[in-house]
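**Q** Pasting the sequence and the predicted model now:
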Amino acid sequence: MYILKTKETDQDIVEFIESSLTSKAKKEDAYKLIDIFAEITGLPPKMWGASIIGFGTYHYKYASGHEGDAPIVGFSPRKARISLYLTTEEETRAFYLDKIGKHKAGVSCVYINKLADIKEDILKEFIARSTELIREKYQVNDKN
């Protein structure tokens, strides 16, 4: 049986950022992203697993029977790159990735080197649309 590793935790976000990031610029980007995500979603940040800062919670269940909880949107400020966790809905994703600026796209996340590499207004739209799509498709717990 699969055991979900990425769960919401009580880990302190400031402590996580200060202890895991050595670059002043990366720390500043992490704090700025917290402000952006919180502003757009209207939800407080929570730690998920060891390194993801998520906003909101939704419950998913796949046809295979696998189910669990995940943040509606979020990011992970890592030493090398920042991972943005936004919608995986192909059409919406392609639309925003075409406009956002310098990035690399993985299957479920978008990688950026620094916040200055992307267009903040497009990121905000991408976060808002991702949040809307998750709220439309899944059972959402906005009482985070």
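**A** Arrived safely.

**Q** what's the helix or strand for residue 60?
**A** Take DSSP states H and E as the rule and residue 60 turns out to sit in strand 57-61.

**Q** which parts of that strand are buried?
**A** By 16 or more other C-beta atoms under 10 Å, the buried positions in strand 57-61 come out as 57-58. In this view, the C-beta of every residue, glycine as well, is placed from N, C-alpha and C.

**Q** May I see the buried residues of the next helix or strand after it?
**A** Next along the chain after strand 57-61, taking DSSP H and E as the criterion, comes strand 67-70. The neighbour-count check on strand 67-70 (16+ other C-beta under 10 Å) flags 69-70 as buried.

**Q** Now do the very next helix or strand once past strand 67-70: distance to the chain's middle.
**A** As assigned by DSSP H and E, the chain's next helix or strand after strand 67-70 is strand 73-77. Relative to the chain's own centre, strand 73-77 is displaced by 3 Å; criterion: C-alpha atoms, centre = their mean, to the nearest Å.

**Q** Just the strands from the chain, written as ranges.
**A** Under the criterion DSSP state E, the chain contains strands at 45-48, 52-55, 57-61, 67-70, 73-77, 82-85, 104-105, 110-112, 139-141.

**Q** Pairing partners for the fourth one, with directions?
**A** Strands adjacent to strand 67-70 in the sheet, as given by DSSP bridges, are strand 57-61 (antiparallel).
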